[in-house]
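Q: sharing a sequence plus its predicted fold:
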Amino acid sequence: MMKILIADDEPLARERLQALINELGIGEVVAEAANGKDTLELVRVYEPDVLLLDIRMPGIDGMKVIQQLALIESTPAVIFCTAYSDHALEAFEHQALDYLLKPIRKERLEQALKRTYNLKQPQSAPISPSPRARTQISYYQRGELCLVPVNQIYYFYANDKYVMMCCKEEEVLISETLKDLEKEFAGQFLRIHRSTLVAITQITGLKKNAIGITKRYYILLKEVEKPLEVSRRHLKTVKQLLKDMRL
(Lines give C-alpha, C1' and ligand atoms only; values in the text may rest on other atoms or scores of the structure.)
Protein backbone atom coordinates (compact mmCIF):
# COMPACT_ATOMS: atom_id res chain seq x y z
CA MET A 1 0.00 0.00 0.00
CA MET A 2 1.27 3.47 -0.88
CA LYS A 3 2.53 5.70 1.90
CA ILE A 4 1.01 9.18 1.72
CA LEU A 5 2.10 12.43 3.37
CA ILE A 6 -0.40 15.31 3.57
CA ALA A 7 1.00 18.86 3.72
CA ASP A 8 -1.52 21.68 4.26
CA ASP A 9 -1.69 24.46 6.83
CA GLU A 10 -5.49 24.12 7.15
CA PRO A 11 -6.59 21.35 9.57
CA LEU A 12 -9.97 20.95 7.82
CA ALA A 13 -8.24 20.46 4.47
CA ARG A 14 -6.01 17.75 5.95
CA GLU A 15 -9.04 16.04 7.49
CA ARG A 16 -10.86 16.15 4.15
CA LEU A 17 -7.96 14.49 2.33
CA GLN A 18 -7.57 11.90 5.08
CA ALA A 19 -11.28 11.03 4.83
CA LEU A 20 -11.14 10.70 1.03
CA ILE A 21 -8.07 8.46 1.19
CA ASN A 22 -9.77 6.25 3.77
CA GLU A 23 -12.81 5.94 1.50
CA LEU A 24 -10.71 5.09 -1.53
CA GLY A 25 -8.56 2.56 0.30
CA ILE A 26 -5.67 3.19 -2.11
CA GLY A 27 -3.02 4.32 0.35
CA GLU A 28 -2.18 5.00 3.97
CA VAL A 29 -1.52 8.43 5.46
CA VAL A 30 1.73 8.07 7.39
CA ALA A 31 2.09 11.70 8.51
CA GLU A 32 0.72 15.24 8.22
CA ALA A 33 2.51 18.59 8.03
CA ALA A 34 1.26 22.15 8.40
CA ASN A 35 4.25 23.98 6.91
CA GLY A 36 7.04 23.52 4.39
CA LYS A 37 9.84 22.93 6.87
CA ASP A 38 8.01 20.06 8.58
CA THR A 39 7.05 18.65 5.18
CA LEU A 40 10.68 18.29 4.10
CA GLU A 41 11.64 16.74 7.43
CA LEU A 42 8.77 14.22 7.32
CA VAL A 43 9.67 13.25 3.74
CA ARG A 44 13.14 12.30 4.98
CA VAL A 45 11.77 10.38 7.96
CA TYR A 46 8.89 8.47 6.35
CA GLU A 47 10.01 8.32 2.69
CA PRO A 48 6.39 8.50 1.42
CA ASP A 49 5.40 7.37 -2.06
CA VAL A 50 3.06 10.35 -2.49
CA LEU A 51 3.05 13.91 -1.18
CA LEU A 52 -0.29 15.76 -1.29
CA LEU A 53 1.01 19.31 -1.19
CA ASP A 54 -0.66 22.69 -0.71
CA ILE A 55 0.97 25.79 -2.20
CA ARG A 56 0.21 28.57 0.29
CA MET A 57 1.83 27.49 3.58
CA PRO A 58 3.77 29.38 6.28
CA GLY A 59 7.50 29.78 5.76
CA ILE A 60 8.56 27.53 2.90
CA ASP A 61 5.67 27.37 0.43
CA GLY A 62 4.72 24.40 -1.74
CA MET A 63 6.71 25.54 -4.78
CA LYS A 64 9.89 25.86 -2.75
CA VAL A 65 9.19 22.45 -1.19
CA ILE A 66 9.01 20.68 -4.56
CA GLN A 67 12.24 22.40 -5.66
CA GLN A 68 14.05 21.23 -2.52
CA LEU A 69 12.71 17.69 -2.93
CA ALA A 70 15.01 17.34 -5.93
CA LEU A 71 17.91 17.29 -3.44
CA ILE A 72 16.46 14.34 -1.52
CA GLU A 73 17.43 10.84 -2.66
CA SER A 74 14.04 9.18 -2.14
CA THR A 75 11.63 11.68 -3.72
CA PRO A 76 7.85 11.15 -3.52
CA ALA A 77 5.44 11.78 -6.37
CA VAL A 78 3.96 15.24 -5.78
CA ILE A 79 0.25 15.96 -6.25
CA PHE A 80 -0.63 19.59 -5.59
CA CYS A 81 -3.92 20.19 -3.78
CA THR A 82 -4.61 23.91 -3.84
CA ALA A 83 -7.24 26.60 -4.23
CA TYR A 84 -5.07 28.52 -6.73
CA SER A 85 -5.06 27.66 -10.44
CA ASP A 86 -2.37 30.17 -11.46
CA HIS A 87 0.59 28.00 -10.39
CA ALA A 88 -0.23 24.97 -12.55
CA LEU A 89 2.37 25.54 -15.27
CA GLU A 90 5.12 26.12 -12.74
CA ALA A 91 4.04 22.98 -10.86
CA PHE A 92 4.38 20.77 -13.93
CA GLU A 93 7.70 22.38 -14.80
CA HIS A 94 8.92 21.07 -11.43
CA GLN A 95 7.68 17.56 -12.32
CA ALA A 96 4.46 17.53 -10.27
CA LEU A 97 2.43 14.43 -11.12
CA ASP A 98 -0.93 16.21 -10.92
CA TYR A 99 -2.58 19.47 -9.90
CA LEU A 100 -5.92 19.27 -8.08
CA LEU A 101 -8.06 22.30 -7.29
CA LYS A 102 -9.97 22.63 -4.03
CA PRO A 103 -12.51 21.51 -3.13
CA ILE A 104 -10.84 18.20 -3.97
CA ARG A 105 -13.17 15.79 -5.74
CA LYS A 106 -12.98 12.13 -4.80
CA GLU A 107 -12.81 10.99 -8.44
CA ARG A 108 -9.88 13.30 -9.28
CA LEU A 109 -7.94 12.25 -6.20
CA GLU A 110 -8.54 8.60 -7.05
CA GLN A 111 -7.34 9.18 -10.61
CA ALA A 112 -4.16 10.89 -9.43
CA LEU A 113 -3.36 8.25 -6.80
CA LYS A 114 -3.95 5.39 -9.23
CA ARG A 115 -1.62 7.03 -11.73
CA THR A 116 1.03 7.23 -9.04
CA TYR A 117 0.54 3.58 -8.15
CA ASN A 118 0.85 2.50 -11.79
CA LEU A 119 4.01 4.53 -12.30
CA LYS A 120 5.64 2.82 -9.33
CA GLN A 121 4.97 -0.68 -10.66
CA PRO A 122 7.83 -2.49 -12.45
CA GLN A 123 7.68 -2.00 -16.21
CA SER A 124 8.83 -4.53 -18.80
CA ALA A 125 11.01 -3.14 -21.60
CA PRO A 126 10.26 0.52 -20.88
CA ILE A 127 10.90 3.25 -23.39
CA SER A 128 13.75 5.40 -22.20
CA PRO A 129 12.69 8.96 -21.39
CA SER A 130 14.68 10.98 -18.89
CA PRO A 131 14.23 9.73 -15.29
CA ARG A 132 11.59 12.29 -14.33
CA ALA A 133 9.89 12.92 -17.67
CA ARG A 134 6.28 14.07 -17.39
CA THR A 135 3.42 11.89 -18.55
CA GLN A 136 1.31 14.92 -19.54
CA ILE A 137 1.84 18.36 -21.07
CA SER A 138 -0.26 21.25 -19.79
CA TYR A 139 -1.65 24.29 -21.60
CA TYR A 140 -4.35 26.91 -21.08
CA GLN A 141 -7.39 27.23 -23.32
CA ARG A 142 -9.98 29.95 -22.69
CA GLY A 143 -8.64 30.34 -19.17
CA GLU A 144 -8.89 26.63 -18.31
CA LEU A 145 -5.98 24.31 -17.57
CA CYS A 146 -5.88 21.37 -19.99
CA LEU A 147 -3.66 18.28 -19.94
CA VAL A 148 -2.63 16.08 -22.87
CA PRO A 149 -0.97 12.67 -22.31
CA VAL A 150 2.48 12.62 -23.90
CA ASN A 151 1.65 9.41 -25.78
CA GLN A 152 -1.11 11.28 -27.64
CA ILE A 153 1.19 14.00 -28.97
CA TYR A 154 2.32 13.66 -32.61
CA TYR A 155 4.92 16.40 -32.82
CA PHE A 156 6.07 19.81 -31.57
CA TYR A 157 7.18 22.66 -33.79
CA ALA A 158 8.54 26.15 -33.20
CA ASN A 159 6.78 29.06 -34.86
CA ASP A 160 8.81 32.24 -34.41
CA LYS A 161 9.13 32.59 -30.62
CA TYR A 162 6.32 30.15 -29.84
CA VAL A 163 6.08 26.35 -29.61
CA MET A 164 3.02 24.52 -30.88
CA MET A 165 1.94 21.05 -29.74
CA CYS A 166 0.18 18.94 -32.36
CA CYS A 167 -2.09 16.13 -31.25
CA LYS A 168 -5.35 14.63 -32.47
CA GLU A 169 -7.41 17.22 -34.37
CA GLU A 170 -5.76 20.25 -32.76
CA GLU A 171 -2.69 22.41 -32.46
CA VAL A 172 -2.19 24.38 -29.26
CA LEU A 173 0.32 26.90 -27.98
CA ILE A 174 2.41 25.73 -25.01
CA SER A 175 4.84 27.46 -22.65
CA GLU A 176 7.81 25.21 -23.42
CA THR A 177 11.01 25.31 -25.46
CA LEU A 178 12.02 22.66 -28.00
CA LYS A 179 15.40 22.37 -26.29
CA ASP A 180 13.83 21.48 -22.94
CA LEU A 181 11.31 19.12 -24.53
CA GLU A 182 14.05 17.32 -26.47
CA LYS A 183 16.10 16.85 -23.32
CA GLU A 184 13.19 15.69 -21.16
CA PHE A 185 11.69 13.30 -23.69
CA ALA A 186 14.86 11.83 -25.19
CA GLY A 187 13.92 8.35 -26.42
CA GLN A 188 10.33 9.40 -27.07
CA PHE A 189 10.73 12.36 -29.43
CA LEU A 190 13.30 12.89 -32.18
CA ARG A 191 14.52 16.20 -33.56
CA ILE A 192 14.23 16.15 -37.35
CA HIS A 193 14.69 19.88 -37.90
CA ARG A 194 15.80 22.83 -35.81
CA SER A 195 12.11 23.69 -35.45
CA THR A 196 10.53 20.21 -35.17
CA LEU A 197 10.39 17.26 -32.74
CA VAL A 198 8.36 14.18 -33.70
CA ALA A 199 7.05 11.26 -31.65
CA ILE A 200 9.16 8.21 -32.51
CA THR A 201 6.16 5.88 -32.21
CA GLN A 202 4.41 7.91 -34.92
CA ILE A 203 7.15 7.50 -37.54
CA THR A 204 6.28 5.23 -40.47
CA GLY A 205 8.93 6.13 -43.03
CA LEU A 206 11.08 8.63 -44.90
CA LYS A 207 10.25 10.12 -48.29
CA LYS A 208 12.67 11.76 -50.73
CA ASN A 209 11.49 14.53 -53.01
CA ALA A 210 13.87 15.67 -55.75
CA ILE A 211 13.32 18.98 -57.54
CA GLY A 212 16.06 19.36 -60.13
CA ILE A 213 19.35 18.85 -58.30
CA THR A 214 17.78 19.69 -54.93
CA LYS A 215 16.81 16.78 -52.72
CA ARG A 216 14.52 17.16 -49.74
CA TYR A 217 13.57 14.50 -47.23
CA TYR A 218 10.33 14.22 -45.29
CA ILE A 219 9.23 12.13 -42.31
CA LEU A 220 5.92 10.28 -42.61
CA LEU A 221 3.75 9.98 -39.48
CA LYS A 222 0.84 7.63 -38.81
CA GLU A 223 -1.75 10.20 -37.79
CA VAL A 224 -0.46 13.22 -39.71
CA GLU A 225 -1.37 13.69 -43.35
CA LYS A 226 1.29 16.28 -44.16
CA PRO A 227 4.91 14.98 -44.29
CA LEU A 228 7.37 16.95 -42.13
CA GLU A 229 10.66 18.15 -43.57
CA VAL A 230 13.94 16.68 -42.29
CA SER A 231 16.92 19.04 -42.33
CA ARG A 232 20.29 17.94 -43.73
CA ARG A 233 21.82 18.34 -40.29
CA HIS A 234 19.48 15.74 -38.77
CA LEU A 235 19.12 13.41 -41.76
CA LYS A 236 21.86 10.98 -40.69
CA THR A 237 20.30 10.52 -37.24
CA VAL A 238 16.85 10.01 -38.76
CA LYS A 239 18.15 7.40 -41.22
CA GLN A 240 19.95 5.52 -38.45
CA LEU A 241 16.78 5.44 -36.35
CA LEU A 242 14.76 4.12 -39.27
CA LYS A 243 17.40 1.47 -39.88
CA ASP A 244 17.24 0.41 -36.24
CA MET A 245 13.43 0.32 -36.49
CA ARG A 246 13.75 -1.58 -39.79
CA LEU A 247 11.52 0.89 -41.60
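A: Nice, thanks for sending it over. Numbering: from 1, shown residues only.
Q: pull out the buried positions in the host helix or strand of residue 115.
A: Per DSSP states H and E, residue 115 falls inside helix 106-119. Buried residues in helix 106-119, counted by 16 or more other C-beta atoms under 10 Å: 108-110, 112-113, 115-117. The way it works is simple: take the backbone N, C-alpha and C, and place the C-beta from them, glycine included.
Q: same question, stretch 32-48
A: Applying 16+ other C-beta under 10 Å to stretch 32-48 flags 32-36, 38-40, 42-43, 48 as buried.
Q: thinking again about what came up before, what is the helix holding residue 115 packed up against?
A: Packing partners of helix 106-119 (3 or more C-beta pairs under 8 Å, 6 or more residues apart in numbering; DSSP states H and E): strand 2-7, helix 11-24, strand 77-82, strand 98-101.
Q: tabulate the ones you listed (JSON lines), appending mean pLDDT, mean neighbour count and distance to residue 208.
A: Rendered in JSON lines, the data for those read as follows (pLDDT from 0 to 100; neighbours: other C-beta atoms under 10 Å; distance: least, C-beta to C-beta, whole Å):
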{"stretch": "strand 2-7", "mean pLDDT": "96", "mean neighbour count": "22", "distance to residue 208": "51"}
{"stretch": "helix 11-24", "mean pLDDT": "96", "mean neighbour count": "15", "distance to residue 208": "55"}
{"stretch": "strand 77-82", "mean pLDDT": "94", "mean neighbour count": "24", "distance to residue 208": "45"}
{"stretch": "strand 98-101", "mean pLDDT": "92", "mean neighbour count": "20", "distance to residue 208": "44"}
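Q: nearest to residue 237, of the ones you listed?
A: Closest approach to residue 237 among those is made by strand 77-82 (33.0 Å; C-beta to C-beta).
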